[in-house]
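Novice: got a sequence here, can you model it:
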Amino acid sequence: MQISREWATPLTIGSFILMACTGILMFFHADMGLNKEVHEWLGWAMVIGVATHVTANFTVFKRYLNKPAALGIVGVFVVILVASFFIKEDEGEGGGHPARRASQAVIHAQLVSIAPLAKQTPEELLANLQKAGFKAESTSQTLDSITGPEEHDQFKALDVIFH
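Specialist: Numbering: from 1, shown residues only. Sure thing, here's the model as predicted:
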């Protein structure tokens, strides 16, 4: 099957524009609405676009990768990717990103301790979580005992709390 450059290249360019813009917004914590979801799900369009673009232009790509500089640049990114699987963020004493440490402290705290931060009574907090569908039973529960281990659920609960 012949892959057409007429659609492979525009798919790559369009998805790159989307990924670059939403990625930059997320990096600077300026994303809003569905930016993050669009970035995650339509990232697959970029994967497909790049794969078809490479396939459609395979001869040219082979020529590029025969040059030491091009091979070195690609190699650096491959090494960074592999290292990212094995090097963990230091989350010990004072390690890790401060925003992550703060959110983790709240997630592991009891509702009675979180309530003053959210300018609510513990009972209001409990009721709001229950209304949002969380199985919260007591203000002495920790947020993660209510949400479980999934970050998505934890951050959904934080969104309910700090609406």
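
Novice: list the buried residues of the helix or strand of the chain with the lowest mean pLDDT.
Specialist: Scoring the helices and strands of the chain by mean pLDDT, DSSP states H and E places helix 98-107 at the bottom, with a mean of 85. In terms of neighbour count (16 or more other CB atoms under 10 Å), helix 98-107 has its buried residues at 106-107. Using the backbone N, CA and C atoms, a C-beta is placed for each residue, glycine as well.

Novice: likewise stretch 113-122?
Specialist: 113-115, 118, 120, 122.

Novice: what lies in contact with that stretch?
Specialist: The contact list for stretch 113-122 (CB atoms under 8 Å, 6 or more residues apart in numbering) reads 106, 111-112, 124-125, 128, 139, 143, 161-162.

Novice: residues contacting K156?
Specialist: Taking CB under 8 Å, 6+ apart as the test, what K156 contacts is 132, 147.

Novice: in what helix or strand does it lie?
Specialist: Following DSSP states H and E, one finds K156 within helix 151-161.

Novice: mind listing the helices for the protein?
Specialist: 5-27, 35-56, 58-65, 68-86, 98-107, 111-114, 122-131, 143-147, 151-161 (DSSP state H).

Novice: buried sites along the longest one?
Specialist: Looking back up the chat, that one is helix 5-27. 8, 11-12, 15, 18-19, 22.

Novice: now do it: which elements does it pack against?
Specialist: When contacts are defined as 3 or more CB pairs under 8 Å, 6 or more residues apart in numbering; DSSP states H and E, helix 5-27 packs onto helix 35-56.

Novice: average pLDDT across stretch 57-71?
Specialist: Summarised as a single mean, pLDDT over stretch 57-71 is 91.

Novice: so what touches that stretch?
Specialist: 5, 54, 74.

Novice: so what's the residue nearest to S103 when sequence neighbours are not counted up against?
Specialist: Spatial nearest neighbour of S103, chain neighbours left out: L158 (6.9 Å); criterion: CB to CB, 6 or more residues apart in numbering. Taking CB under 8 Å, 6+ apart, we find L158 in contact with 103, 106-107, 143.

Novice: how about those in TSV, adding distance to D153?
Specialist: Below are those laid out as TSV (distance: CB to CB, whole Å):
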residue	distance to D153
S103	13
V106	14
I107	10
L143	10
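
Novice: which of these sit farthest apart?
Specialist: The span of the contacts of L158, defined through CB to CB, is set by S103 and L143 at 10.0 Å.
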